[in-house]
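[1] how would this look folded up:
(one chain, ligands or ions: 1)
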Amino acid sequence: MPKPKPKPKPIPMTMTIGAFSKASRLSPKALRLYDELGLLRPARVDPRTGYRHYAPEQLERARLVAWLRRLGMPLAGIREVVALEPAAAAREIRAYWSRVEARTAARRDLATFLIDHLTGPLAGPSPDNPNKELPTMTTLELRYSAVSDTGLVRPANQDTAYAGTRVLAVADGFGAGGAPASGAAVEALKSLDAEPLPAGSVLNLLEDAVQGAAEAVREVAGATDETGTTLTAMVWTGSQLALVHIGDSRAYLLRDGELFRITHDHTVVQSLLDEGRLTPEEATAHPQRSLLAKALTGGGPAPAPDLRLHDALPGDRYLLCSDGLTTTVPDAVLKEALTTSPDPAGAVRTLIEAANGTGAPDNVSCVVADVVRRVQRCDEA
Ligand code: MG
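    Prediction:
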């Protein structure tokens, strides 16, 4: 009996690169690039002519690549996303967009700072405002108080808190050399306390001071990531407060009876929360909720700090504190203490007592500063 002839293999239905380009809205040039980069391989390449052919089922992936390009995602990120199942791809896109928004927010703050700097009270006459006169005096000043407390459980205090006429700072040291690390970071900022600071140069001065703090921490910590410190500080210019922030210590502003948190924790758990990978309830109970995403340490380059500028209003009350306060004392109690205490020293005392009332498992540091009007004769300026 003659052997049955083998059936010819069906030739898969494919589209030419031109037809596929039209359907996917990706140019042939882009399709060739994505092939080279491994983002979108053609279904078949003609061995004789080298022409690329695509399967209709590849259209969806091609469209996803085009959309992700339009979103501005880098090619390496696109390669990861298109290899994932839809749910996981959606999570990755959400995480990418959170990172974009965080970067945009930092740039927006910088832009705001530059606009304030160029149009602020110290900017002087400009083509837009030729009659503007330079002020001869400031009318605001700070009243402040700082206390750092060991708490009721830890054998030593690794926090450092400081308040001077221009510098407010809290640093929370960790690791074997945590106390000298937090002390060195704050000490490096104290140089800004010596001279009056023009608003225009404060950003550069702060960046330099943070570099100085990073070097000082590196010196006392040795080349290790295990020892380091957070640093949250504000520098007073006479009309504004410049904020620098690395880690999970915090700054709050009480204005018109409302309490605003003005720093964002640099913790791994906060990043997961921002990216929608954890719920707030899961974050609160997370075993590694104090794991820092950014800190000044002995090893590696200093991370970029968050820098912001706040216009001060008379009546503003600022609080800088370590996580020993915020992990034990709820926001409502913070607000109550800050609202009812008549002066910074009283507010600091009440807050430390509140933390100790919870058992104070960690060191607790608080700096409270009030922006007050100063009555000053013009010839005193
Ligand atoms: Mg702490």
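[2] got the residues of the chain near the ion?
    By CB under 5 Å from the ion, the residues of the chain that approach the ion are 172, 322-324, 362. For every residue, glycine as well, the C-beta is placed using N, CA and C.
[3] What about the residues you listed, which are in helices?
    Among those, the members found in helices (DSSP state H) are 323-324.
[4] From the residues of the chain next to the ion, list the buried ones, please.
    With burial judged by 16 or more other CB atoms under 10 Å, the buried subset of the residues of the chain next to the ion is 172, 322-324, 362.
[5] Show the contacting residues for the closest residue to the ion within the stretch 1-150 of the chain.
    When scored by CB to the ion, the stretch 1-150 of the chain has residue 148 as its residue closest to the ion, at 10.7 Å. Neighbour list for residue 148: 157, 159-161, 322, 363-366 [criterion: CB atoms under 8 Å, 6 or more residues apart in numbering].
[6] Look up the residues forming beta bridges with the residue in the stretch 151-300 of the chain that the ion sits nearest to.
    Nearest to the ion, among the residues of the stretch 151-300 of the chain, is residue 172, at 4.2 Å (CB to the ion). Per DSSP bridges, the residues bridged to residue 172 are residue 159.
[7] follow-up on the earlier one: in what helix or strand does the residue of the stretch 1-150 of the chain closest to the ion lie?
    strand 140-149 (DSSP states H and E).
[8] Using CSV, list the CA coordinates for that strand.
    The C-alpha trace of strand 140-149 is given here as CSV (Å, rounded to 0.1, in the frame of the first residue of the first chain):
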residue,chain,number,x,y,z
LEU,A,140,9.6,88.0,60.7
GLU,A,141,11.8,85.9,62.9
LEU,A,142,11.8,82.4,64.5
ARG,A,143,11.2,81.4,68.1
TYR,A,144,12.3,77.8,68.6
SER,A,145,12.9,74.9,71.0
ALA,A,146,14.6,71.5,70.5
VAL,A,147,14.7,68.4,72.7
SER,A,148,16.1,65.0,72.0
ASP,A,149,15.0,62.2,74.4
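[9] Just the mean pLDDT for that strand, thanks.
    Mean pLDDT, strand 140-149: 95.
[10] Same question for stretch 243-258.
    Mean pLDDT, stretch 243-258: 95.
[11] Stretch 23-42 now?
    In this model, stretch 23-42 has a mean pLDDT of 87.
[12] Buried residues in that stretch, which are they?
    Across stretch 23-42, burial judged by 16+ other CB under 10 Å covers 24, 26, 30-31, 34-35, 39-40, 42.
[13] Give me the contacts around it.
    Outside stretch 23-42, the residues that touch it by CB under 8 Å, 6+ apart are 15, 17-18, 20-21, 52-54, 58-59, 61-63, 65-66, 69, 75, 78-79, 82.
[14] List only those of those residues flagged as buried.
    Burial by neighbour count, 16+ other CB under 10 Å: within these this picks out 15, 17, 20-21, 52-54, 58, 61-62, 65-66, 69, 78-79, 82.
[15] Nearest to residue 191 among these?
    Nearest to residue 191, judged by CB to CB, of these is residue 78 at 46.3 Å.
[16] Next, work out how far apart the closest one and residue 65 are.
    Counting by CB to CB, to the nearest Å, the gap from residue 78 to residue 65 is 6 Å.
[17] what does residue 277 give?
    24 Å.
[18] same thing with residue 279?
    Distance, residue 279 to residue 65, by CB to CB: 31 Å.
[19] Next, count neighbours for residue 339.
    Residues lying near residue 339 (other CB atoms under 10 Å) number 13.
[20] Now do the SS call for it.
    helix (DSSP: H, G, I helix; E, B strand; the rest coil).
[21] Please tell me I have it right and it contacts residue 255.
    No - in this structure residue 339 lies outside contact range of residue 255 using CB atoms under 8 Å: 11.1 Å.
[22] mind checking how far residue 57 is from residue 44?
    13 Å.
[23] Pick out whichever of those two has more residues nearby.
    Using other CB under 10 Å, the more surrounded residue of residue 57 and residue 44 is residue 44, with 14 against 10.
[24] next one: phi and psi at the more buried one?
    phi -160, psi 140 (degrees, to the nearest 10).
[25] same check, this time on residue 359
    Backbone torsions of residue 359, given as degrees, to the nearest 10, read phi 100, psi -10.
[26] Contact partners for it?
    By CB under 8 Å, 6+ apart, the contact list for residue 359 reads 152-153, 328.
[27] Listing request: residues of the protein with sub-threshold pLDDT.
    Applying pLDDT under 70 to the chain flags the ranges 1-12, 120-138, 198-200, 375-381.
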